[in-house]
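Visitor: Sequence first, then the predicted structure:
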Amino acid sequence: MAGTERNTARGEFALIDGILKPLAAGTPAALGLTDDAAVLTPAKGKDLVLTKDAMVAGVHFRESDMPGDIARKLLRVNLSDLAAMGAEPVGYLLATFWPEALPLSWIQEFADGLGQDQEEFGIGLLGGDTVRTPGPLSLSLTAIGEVAKEKALRRNGAGAGDLIVVSGTIGDGALGLLALQEELADLDPTEQEYLEDRYHLPNPRLSLGQALVGRATSCIDISDGLIADIGHIAEESGLAAVIQWKKVPLSDAAKIAVESDDALVERVLTGGDDYELAFTLPLDQRDDLVKLAKEGGVSLAIIGEMVEGEGVRVMQEEGVEMPISSSGWQHF
């Protein structure tokens with residue numbers, strides 16, 4: 001992990017040796033973080049899948065969030081991208097931009113969080129860079145995975161009549177942020193804690209993504225919001241998507257929140273931070289959903305279908321289209 005600031009070189013190398021090298025110990029391709037780059041050889045018959053996400057304090061996480069939780073979310077949102085392509089994790093590169101006043105103990109807790117999830121998801125550090133900055137705290141992670149050659153799941157393969165399926169429950173991440181901001185007054189402490197945990201620590205659906213290879217016609221992870229991300233499938237596939245609101249799976253906590261405030265329906269559909277998978281499946285594979293749910297270790301729900309046309313429509317129970325003012329998170 002090469003540095004760029006000569007006046008902090010000794011501190012940087014000490015940080016790498018003491019805090020970051022242990023994260024690379026189980027990853028031979030990292031070469032012990034002693035060289036300028038890692039050397040990675042893909043397995044025979046595999047394609048490499050690469051993805052990168054960046055997080056900035058005050059934009060993607062709150063400055064009061066725990067360092068370990070920030071680290072784990074940074075890794076997990078990247079693993080979710082690998083899941084959406086049907087890939088198995090291999091390793092990751094990390095770039096960190098530490099504010100001058102950030103204590104070493106914060107960095108150690110951050111690294112401990114990464115170590116915890118490395119063990120859970122079978123992935124290790126390959127290298128990267130670490131520099132000082134006047135602020136804000138910024139983090140960037142590149143995850144690398146493998147998938148069978150030419151079998152990566154894409155967004156552009158959906159066909160008219162395909163079922164739209166989602167994993168888990170939708171809206172928990174967005175509602176969790178509201179709970180942290182104390183904007184969900186009607187929840188009891190258990191429900192609030194559940195939603196906050198879903199916001200802090202999404203669960204990348206890696207097993208499901210791998211099970212979908214050769215089965216799903218398209219796939220995406222829900223990061224910017226259900227409507228926005230299904231909209232990406234629709235656009236890339238040259239089709240429209242019709243979603244049935246009453247079929248969108250909600251957690252018990254989300255149901256209580258929505259029942260107490262109808263305005264939260266749109267937040268559930270557009271808020272993002274779910275990191276569940278949305279995918280399309282041919283109608284004749286409907287009976288395979290039970291097996292897919294078992295292989296993926298997560299519940300699955302059919303929420304709509306792909307049709308001719310363009311855009312995304314959300315239908316209410318009586319067949320009336322639901323007005324939606326915003327499709328989801330906008331980065332710019």
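Guide: Nice, thanks for sending it over.
Visitor: Okay, and the beta partners of Ser218?
Guide: Thr280 (DSSP bridges).
Visitor: What's the separation between the residue nearest to Leu283 when sequence neighbours are not counted and Gly297?
Guide: Leaving aside its sequence neighbours, Leu283 sits nearest to Gly161 (C-beta to C-beta, 6 or more residues apart in numbering; 5.5 Å). All C-beta atoms are positioned from the backbone trio N, CA, C, and that covers glycine. Separation of Gly161 from Gly297 (C-beta to C-beta, to the nearest Å): 28 Å.
Visitor: Domain-wise, how is this structure divided?
Guide: With automatic domain parsing as the criterion, the domains of the chain are listed as 6-148, 163-315.
Visitor: Just put those domains in a markdown table and tack on distance to Arg155.
Guide: Converted to a markdown table, the domains of the chain look like this (distance: least, C-beta to C-beta, whole Å):
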| stretch | distance to Arg155 |
| --- | --- |
| domain 6-148 | 9 |
| domain 163-315 | 4 |
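Visitor: rank the ones you listed by pLDDT, which is bottom?
Guide: Looking at these, the lowest mean pLDDT belongs to domain 6-148 (a mean of 91).
Visitor: can you give me the strands in the stretch 101-250 of the chain?
Guide: 125-133, 138-148, 163-167, 218-221, 240-244 (DSSP state E, counting those that start in this stretch).
Visitor: Out of those strands, which one sits most buried?
Guide: Neighbour counts averaged per stretch over the strands of the stretch 101-250 of the chain are highest for strand 218-221, at a mean of 26; criterion: mean count of other C-beta atoms under 10 Å.
Visitor: what's near enough to touch Phe110?
Guide: Pro67, Gly68, Ile70, Ala71 (C-beta atoms under 8 Å, 6 or more residues apart in numbering).
Visitor: State the pair within those residues that is farthest apart.
Guide: Gly68 and Ile70 (7.3 Å; C-beta to C-beta).
Visitor: Give me the common contacts of the two.
Guide: Phe110, Gly113.
Visitor: Who has more neighbours out of these two?
Guide: Higher neighbour count among Gly68 and Ile70: Ile70, with 24 against 21, using other C-beta atoms under 10 Å.
Visitor: Tell me, how many residues neighbour the residue lying closest to the more buried one once chain neighbours are set aside?
Guide: Leaving aside its sequence neighbours, Ile70 sits nearest to Phe61 (C-beta to C-beta, 6+ apart; 5.3 Å). For Phe61, the number of neighbouring residues by other C-beta under 10 Å comes to 19.
Visitor: Can you flag which of the contacts of Phe110 belong to helices?
Guide: Cross-referencing these against helices under DSSP state H gives Pro67, Gly68, Ile70, Ala71.
Visitor: Could you export the residues you listed to CSV, including columns for distance to Trp106?
Guide: Output for the ones in helices among the contacts of Phe110, formatted as CSV (distance: C-beta to C-beta, whole Å):
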residue, distance to Trp106
Pro67, 5
Gly68, 10
Ile70, 10
Ala71, 10
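Visitor: Please identify which of those is nearest to Val307.
Guide: Taking the ones in helices among the contacts of Phe110 together and measuring to Val307 by C-beta to C-beta, the closest member is Ile70, at 40.5 Å.
Visitor: didn't that closest one look like it was pressed against Leu114?
Guide: No. Look at Ile70 against Leu114 with C-beta atoms under 8 Å: they stay out of range, at 9.9 Å.
Visitor: What degree of burial does Lys291 show, as a neighbour count?
Guide: 12.
Visitor: repeat for Thr217
Guide: The burial count for Thr217: 21, using other C-beta under 10 Å.
Visitor: Look up how far Glu308 lies from it.
Guide: 15 Å.
Visitor: now do Ile19
Guide: Here Ile19 is placed at a distance of 55 Å from Glu308 (C-beta to C-beta).
Visitor: Let me know which of the domains of the chain is tucked in deepest.
Guide: domain 163-315 (a mean of 20).
Visitor: Figure out how far it is from the centre of its chain.
Guide: 12 Å (C-alpha atoms, centre = their mean, to the nearest Å).
Visitor: And for stretch 82-98?
Guide: 11 Å.
Visitor: need the contact list for the spatially most central residue of the chain.
Guide: Nearest residue to the geometric centre of the chain (C-alpha atoms, centre = their mean): Val77, 3.1 Å. Shown in contact with Val77 (C-beta under 8 Å, 6+ apart): Asp53, Met55, Pro202, Pro204, Ser223, Tyr275.
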